[in-house]
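Q: Requesting a structural model of the entry that follows:
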Amino acid sequence: MFRNFIYIVGLILILSAASCAGGQDSAMPTDPMSGNPASVNYSPNPMLTAAGAVEAAAGRYLWGYWDITYDPVTEEFEAVPVRETQIHLNILRFLEDTLCETCLVIGDNSINPDGDLEVQIGIIHPITTDGQYKKEVFAGFDVRGIAIFNGSYYYDENGVKMSYNPNDEYTLVEPDGYTTLWSPAKFPPDPEGRPIFQYYPAKYEVGGVNLTTTLNPFMAFYTLPERRTFEAADYDERIFTIRFPGTPFSVPLKFGYAVDASWVKPANIDNPAVPGDFPLTANSWEAYRITAVPNGDLTPLGGLMNLTVRVYDWQGASTISSVTLEAPDLFNGFITATFEQELPNFTEYSAQITNELGAAIGLYPVLITVADTNPIPIVGKIDAYQVIFIDVVAPLELLDTVSMNQYPIEGNFNPTNGACYFAPIIGAPNKQVQGIDSDYNVINGFPPVLSAGGMGLAVNTQEIFLSTDTGGELWTEDVTIYDIPSKDEKWTLNIPSEFGNPASSPIDFVVYNDNNEVCVSLYADNQVAFFSANTENPDLTRVGVGTGPTTLAIDDTNYRVFVACDGNDTISVIDGSTHELSATIDLENPLSSPDPQLPATVGMAYVESLNMLFVAMLLNGTVDYYSLDDNLFKGSIELSTGSDAIVGLIYDEGADVLLATSFAVSGKGDLYAIDPGTKELIFQTDTSGLNPSFPGLDPVKHILYVPDPIGLVDIFKIIV
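A: Numbering: from 1, shown residues only. As a prediction, the model looks like this:
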């Protein structure tokens, strides 16, 4: 609901002299251009008397300061001028007079669709008529309306503090820039008694709210774009968008509002051209505008972002001493930007930032500081600031969803041709292996599986290895081997039971030792078997392991194979070089269900840099991790508290991220990203299908293929 409320207040113009002429009565007006005492008959517009008297302060003026309060019930603003404000020189007695009664205009206000408060704020130039000098003499430059809030977000390197919405504080949305000028905390009562810097102590607070910020946002006002000129007797307005804290009006909306302007006398004092007769020193000495264009992504995994920073400074690059970036949530210290080029309107710098501190997904402020070489006389060194907000995004981006007709359950990537191949789930219509090529097209043409469906799948450079289930009871003893280039079935490897079981039941594979050797788990025989790839009827080397071996994982560097044995809730560690059992690890939390037909785990991944094995606990909703330094359980990562079963688990070494999938009993399953170093869940998202299962990974391009056994494959890009 709009409230058309115009609140007009007297503008207290703080325009005065840096010092008096020797022996001059401080109460005597001075001539605005010479600084000499005016004659007793001289009675110009008080603004004209004050305006030119402060060249020693480099022409920087505080046009006015108000305490502003918003009433959410009446939806009205109240602005009270702070007449005691003495930040600028205050030696002329005319300050007790009301110089302008129509200078600050607060207009319509409303709540926008984002829930922010939008308010129209206008400024009328305080000089509306000619006096001793033409009003054009008093054109202002780089006029800025500064909103001074209470805040607590601190930049340690710069020693400044601003308001920050996530800290439950009011903020100005998308301001033109930031400044340290005119905040009560930055310009407190001066210990040396110089009135130029004095705020009255009572004015440290607005309606009981302590204004502690030293870095505050502003909006620029001008009536001529050329040199951002504010012409005398003219008017400009801007929309100020104020974002509420998390709980609106839990803290009253009360803030300070200062109008800052720059000015020095023009070259032609009698009939000046605006802005041509005003020197560049009439504009702000610090940069008046800063922009930044990001390129790249930051994720909780790190990432890299390039920033192109453009600095607009009236005096050019020679007055810029440095451009730095500070982001306490993302990295330590500060980053110094590199000078790239000076162009007619701006100077360009570049910088690279990373998520060095591993900040979670969210929006984070980055402070850009443009340090000026020249301090403003009396006021001191004033730098220019801008705050940009950088998204730390999800480490996974959905690229495509591909429809399959074979109900894919397990994926495995082939680096030779850049394709990912999938085993069909038991009961798939045509029981065929399918693939997805590097252009995300479906690869068909493999001969159908004659049994009920696929159980496990692995690939090397030229072959696909597929185990099958003849009828849902794990009773099979065949491994079908396909030629990848021709898609033909090369041969069938028969692995009979050694113990009189109906079959040996091969289930899962790993391919290692430079793709020349295959290891397969034999569920019914409590063994794993090693055989050579690219060999018809190869010799088998069997190794006894724990009861009911199912899932396999591998340490390629040290040639170790890890075998999840669900019959006795252990993990067997096999030395791949000697084909011998080297260790047994007891699962700490084997099963949360009494159903003996359900395995404790069907997903494992080894992280070499940590020498740790991560185990997806099917029904516990966790990924547990074990140190292979002592073969002991070290902890659990909570993923799901519902009924979802954690199934797939894969590790992308280049991105240093674990990726897990959950099988949904009802509804959709999820995809999880885990930081293996911190053991923290950093991302969770729904996949397009009902039951995401065992993914395949392109470790070079960081592409993840997540099969959903309803006939879909979600393809994700892992952002590193």
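Q: from the chain's centre, how far out does stretch 400-420 sit?
A: Relative to its parent chain, stretch 400-420 has a centroid offset of 31 Å by Cα atoms, centre = their mean, to the nearest Å.
Q: In that stretch, which residues are buried?
A: Residues of stretch 400-420 classed as buried: 402, 404, 406-414, 417, 419-420 (neighbour count, 16 or more other Cβ atoms under 10 Å). No exception for glycine: its C-beta is placed from N, CA and C like everyone else's.
Q: Can you tell me which of the residues you listed lies closest to residue 309?
A: Closest approach to residue 309 among the buried residues of stretch 400-420 (Cβ to Cβ): residue 413, at 39.9 Å.
Q: how far away is the closest residue to residue 313 other than its chain neighbours from residue 179?
A: What sits nearest to residue 313 in space, not counting adjacent residues and going by Cβ to Cβ, 6 or more residues apart in numbering, is residue 287, at 4.2 Å. Going from residue 287 to residue 179 by Cβ to Cβ, to the nearest Å gives 11 Å.
Q: Have a look at those two and say which one is more surrounded.
A: Regarding residue 287 and residue 179, a neighbour count based on other Cβ atoms under 10 Å identifies residue 287 as having more, with 27 against 23.
Q: overlap in contacts of residue 287 and residue 179?
A: residue 384 (Cβ atoms under 8 Å, 6 or more residues apart in numbering).
Q: Pretty sure residue 555 sits against residue 604.
A: No: using Cβ atoms under 8 Å, residue 555 makes no contact with residue 604, being 11.0 Å away.
Q: one step back: what is the most widely separated pair among the buried residues of stretch 400-420?
A: 407 and 417 (23.3 Å).
Q: related to what we said a few turns ago, now intersect the buried residues of stretch 400-420 with the strands, please.
A: With DSSP state E as the criterion, strands contain 402, 408-414, 419-420 from among the buried residues of stretch 400-420.
Q: looking at this, residue 318 is in a helix?
A: Yes: counting by DSSP: H, G, I helix; E, B strand; the rest coil, residue 318 is located in a helix.
Q: ok, the nearest residue to it once chain neighbours are set aside - contacts?
A: Of all residues not flanking residue 318 in the chain, residue 373 sits nearest, at 7.6 Å (Cβ to Cβ, 6+ apart). Counting by Cβ under 8 Å, 6+ apart, residue 373 touches 318-321.
Q: do you know how far residue 373 is from residue 481?
A: 73 Å.
Q: cool, and residue 626?
A: The value you get for residue 626 to residue 481, if Cβ to Cβ is used, is 33 Å.
Q: and the nearest residue to residue 175 once chain neighbours are set aside, bridged to which residues?
A: The shortest distance from residue 175 to any non-neighbouring residue, by Cβ to Cβ, 6+ apart, is to residue 217 (3.4 Å). Beta-bridge partners of residue 217, counted by DSSP bridges, are residue 178.
Q: which one is residue 658 nearest to, not counting chain neighbours?
A: residue 674 (4.1 Å).
Q: Over to that neighbour. Which of the three states is it?
A: Residue 674 is classified as strand under three-state DSSP.
Q: Quick check: the gap between it and residue 589.
A: 17 Å.
Q: Comparing these two, which residue is more hemmed in?
A: residue 674 (24 against 15).
Q: isn't that one right next to residue 636, touching?
A: No: Residue 674 sits out of contact with residue 636 when judged by Cβ under 8 Å, with a separation of 11.5 Å.
Q: who touches both of these two?
A: residue 623.
Q: can you give me the strands in the stretch 151-300 of the chain?
A: 153-155, 160-162, 171-172, 177-179, 205-206, 209-210, 216-221, 229-230, 235-243, 254-262, 289-299 (DSSP state E, counting those that start in this stretch).
Q: Just send those back as a markdown table, with distance to residue 547 too.
A: As requested, the strands of the stretch 151-300 of the chain are exported to a markdown table (distance: least, Cβ to Cβ, whole Å):
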| stretch | distance to residue 547 |
| --- | --- |
| strand 153-155 | 57 |
| strand 160-162 | 62 |
| strand 171-172 | 61 |
| strand 177-179 | 66 |
| strand 205-206 | 73 |
| strand 209-210 | 69 |
| strand 216-221 | 67 |
| strand 229-230 | 84 |
| strand 235-243 | 60 |
| strand 254-262 | 70 |
| strand 289-299 | 41 |
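Q: Could you tell me the least trusted of those?
A: Among those, strand 205-206 carries the lowest mean pLDDT, a mean of 44.
Q: and stretch 488-497, how far out from the chain's middle?
A: 51 Å.
Q: Next: stretch 415-426.
A: 34 Å.
Q: for the strands of the stretch 151-300 of the chain, which one sits closest to residue 446?
A: So among the strands of the stretch 151-300 of the chain, strand 289-299 is nearest, using Cβ to Cβ, at 36.2 Å.
Q: residues of that closest one that come out buried?
A: For strand 289-299, by 16+ other Cβ under 10 Å, it's 289-290, 292, 297-299.
Q: For residue 537, grab the count of nearby residues.
A: Count around residue 537 with other Cβ under 10 Å applied: 10.
Q: isn't it right next to residue 495, touching?
A: No: at 11.3 Å, residue 537 does not count as touching residue 495 under the criterion of Cβ under 8 Å.
Q: So what are the structural domains in this protein, by residue number?
A: 7-282, 289-392, 396-718 (automatic domain parsing).
Q: Dihedrals phi and psi, the closest residue to residue 489 other than its chain neighbours?
A: In this structure, residue 489 finds its nearest non-sequential neighbour in residue 447, 4.9 Å apart by Cβ to Cβ, 6+ apart. The phi/psi pair for residue 447 (degrees, to the nearest 10) reads phi -60, psi 150.
Q: what's the answer for residue 529, then?
A: phi -130, psi 140.
Q: On the pLDDT front, check it for me.
A: pLDDT, read off for residue 529, is 96.
Q: repeat for the one 5 residues further on
A: Residue 534 carries a pLDDT value of 89.
Q: got it, and residue 16?
A: 25.
Q: can you check residue 98 too?
A: For residue 98, the predicted pLDDT is 32.
Q: likewise residue 591?
A: 58.
Q: Next: the one 4 residues further on.
A: Residue 595 is assigned 51 on the pLDDT scale.
Q: likewise residue 678?
A: 91.
Q: Counting neighbours, what do you get for the closest residue to it other than its chain neighbours?
A: Spatial nearest neighbour of residue 678, excluding adjacent residues (Cβ to Cβ, 6+ apart): residue 358 at 6.8 Å. Look at residue 358: counted by other Cβ under 10 Å, it has 16 neighbours.
Q: Helices of this structure, residue ranges please.
A: 46-51 (DSSP state H).
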